[in-house]
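Visitor: below: sequence and its predicted model.
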Amino acid sequence: MMWLSTASSPYYPPWSFVPLSVIAVSYTLVQHAWVAVSSRLPPFSRSLLTPNNNPTADWLVLPPQPERHRANRLQKNQVAIVTGSNTGIGYETARTLVVDYGMTVILACRSRDKAERAARQINQEAATRQVMEREQNEPLNSHNENDKDNKNRSNHNQNGMTTTTGKAIFVHPLDLSSFESVREFAQQVKQRYSKIHFLVNNAGRNTSGESLEKSVSFLGDNQTNNNNLSLDLLFQSNFLGHYLLTAELMPVLATPTTVVPSKDKEEEAGDNCPAKKKDAEDDEGEARIINLSSVMHHYCGGGHDLTSVKFWKHCALYQQPPHETYSLSKLAAILFTLELNRRYFHNNNNNNREDDATTTTTTSTTASSNQRIRSLAVNPGAVNSDIWRTFPRWIQRLQSLIFLTNAQGCETTVAAVVTSPLPPQAVYLQPYPLTVGPWDTILQPMTSATATAAFPPLEMLGPFVGGARITTPRLPKQQQEQGDAGRLEAAAALWQACQEITGAQWS
């Protein structure tokens, strides 16, 4: 099927998505059948079906849900920002980080009402979970009428270690289709927090439109009336807004220490304000930026000069009829991840790497040794989320049968956040095993993290087995920019174009 891509481009044309979807559906039905049958036969153990009992270097495995409250990260006052977290995958990501891992999560959403409602739901579940754990772990005789301080005592796990209850917080509305809103949100966050540990660029849409944001004269091709052109709403919401948000938050992502904020800000943040208890290991840790990508990055098609700054500028503009920018926005998330790692991730072991596709993404040339910022791109899988709410009902019903749930779809993001340490080759994560059972030996050369990018149908659908698999993304064939080892030309061109469009200033 490689004839679908061209000699000059490794990407599949958009029209190939439909025929390859037929292959993907057939493949996932066979995989689901194999899982269903083999799980009922004594000779087959769960290790054949899931990496949880058979971990490899290519898998990031989350602990079973009952044990997540005892994870190390629960002992740390860590703060995460999740965009688009009032619904869908974003909500489940925020909920899991709060309830299962005890983090403080800032819900970055357009609607104040929806975000506050989501925060209340998450906090109520976190409080219920804490009560249940306390009742399970504390002796029954400790609950007596004379114990007046019982409600104020810290929760303890079975090992006697004090645990922290996470909390969901709404700080300020965030509209990614407005650069002014992005800057205002970032400013409000920086006033309240001196350290952000995780930024999850999750929000997105799959329909195009005309943004209210007007372009500036950045095309440089002597076109007239450039100032009257609007940005593409999809590309701006999926990528440009996140690019600017990341730049605006870089000062608190790169800061290695925690400073006590003002008292009123501390009270607003609640018990999990990062300044209330300094993390002894904070200086040794690394901030992480998680960018939501998609299997659709395989379908960018040929004929694009991805190394051209001008191409990416035109991609950001709204055109009539709307052009296909969803796949390009998801490829942009991966290229952005590569360039962030090159600039800001300091890794002492990068000289020992053998895989060029991943080695070239983690060499820092501009960040100081105390700015440990690791970036990952994640594909949540085919998820039956709210992003499909505008599609016909019959399509939504079909998707509910073979797509992942929101809770399952958030696992790649959660794994990217909580796994420590991360394998050095981890750049792009996706949720499917790619191969299960007797087909593993046959297809393994096509799917390993050190191979070329996976055949798209293997990454489009499949059974849910938990955790995330490290996979090689489909990258442009142009390798390195001359005179700047490790820098992909396409990633450099995208960065420059976005910097000129948004006016972002990087620290």
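Guide: Yep, that arrived. Numbers count the residues shown, from 1 in each chain.
Visitor: helix, strand, or coil at R469?
Guide: With DSSP: H, G, I helix; E, B strand; the rest coil as the basis, R469 sits in strand.
Visitor: for beta bridges, what are the partners of it?
Guide: Beta-bridge pairing of R469 under DSSP bridges involves W59, Q430.
Visitor: isn't it up against L429?
Guide: Yes - using CB atoms under 8 Å, R469 and L429 qualify as a contacting pair, with a distance of 6.7 Å. C-beta: built from backbone N, CA, C; applies to glycine.
Visitor: overlap of the contact sets of those two?
Guide: With contacts taken as CB atoms under 8 Å, 6 or more residues apart in numbering, R469 and L429 have L60 as neighbours in common.
Visitor: show me the shaky parts of the stretch 251-400 of the chain.
Guide: Along the stretch 251-400 of the chain, the model assigns pLDDT under 70 to residues 255-285, 320-322, 346-371, 387-388.
Visitor: what segments of it are helices?
Guide: With DSSP state H, counting those that start in this stretch, the ranges of helices along the stretch 251-400 of the chain come out as 263-269, 309-315, 326-344, 356-359, 393-402.
Visitor: tell me which of the ones you listed lies nearest to V37.
Guide: helix 393-402 (17.3 Å; CB to CB).
Visitor: show residues contacting the closest one.
Guide: 25, 28-29, 32, 382, 384, 388-389, 461.
Visitor: drop anything exposed from those residues.
Guide: Among the contacts of helix 393-402, those buried by neighbour count (16 or more other CB atoms under 10 Å) are 28, 32, 382, 384, 388, 461.
Visitor: let's see the helix or strand containing R95 as PDB, backbone CA atoms only.
Guide: Using DSSP states H and E, R95 sits within helix 88-99. Backbone C-alpha positions of helix 88-99 (Å, rounded to 0.1, in the frame of the first residue of the first chain) are rendered in PDB as follows:
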ATOM      1  CA  GLY A  88     -14.600  14.600  26.400                       C
ATOM      2  CA  ILE A  89     -11.000  13.400  26.600                       C
ATOM      3  CA  GLY A  90      -9.900  16.600  28.300                       C
ATOM      4  CA  TYR A  91     -12.400  16.100  31.100                       C
ATOM      5  CA  GLU A  92     -11.400  12.500  31.700                       C
ATOM      6  CA  THR A  93      -7.700  13.600  31.600                       C
ATOM      7  CA  ALA A  94      -8.300  16.200  34.300                       C
ATOM      8  CA  ARG A  95     -10.500  13.900  36.300                       C
ATOM      9  CA  THR A  96      -7.900  11.100  36.300                       C
ATOM     10  CA  LEU A  97      -5.100  13.400  37.300                       C
ATOM     11  CA  VAL A  98      -7.100  14.900  40.200                       C
ATOM     12  CA  VAL A  99      -8.900  11.800  41.500                       C
END
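Visitor: okay if I get the contacts of helix 393-402 as a markdown table plus distance to R112?
Guide: Compiled in a markdown table, those are given as follows (distance: CB to CB, whole Å):
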| residue | distance to R112 |
| --- | --- |
| V25 | 40 |
| T28 | 39 |
| L29 | 43 |
| H32 | 41 |
| A382 | 31 |
| N384 | 27 |
| W388 | 25 |
| R389 | 21 |
| L461 | 36 |
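Visitor: now the helices of the stretch 251-400 of the chain in JSON lines, with mean neighbour count?
Guide: As requested, those are arranged in JSON lines below (neighbours: other CB atoms under 10 Å):
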{"stretch": "helix 263-269", "mean neighbour count": "13"}
{"stretch": "helix 309-315", "mean neighbour count": "19"}
{"stretch": "helix 326-344", "mean neighbour count": "25"}
{"stretch": "helix 356-359", "mean neighbour count": "19"}
{"stretch": "helix 393-402", "mean neighbour count": "11"}
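Visitor: any chance of JSON lines for those helices, columns distance to V131?
Guide: Compiled in JSON lines, the helices of the stretch 251-400 of the chain are given as follows (distance: least, CB to CB, whole Å):
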{"stretch": "helix 263-269", "distance to V131": "22"}
{"stretch": "helix 309-315", "distance to V131": "50"}
{"stretch": "helix 326-344", "distance to V131": "39"}
{"stretch": "helix 356-359", "distance to V131": "44"}
{"stretch": "helix 393-402", "distance to V131": "33"}
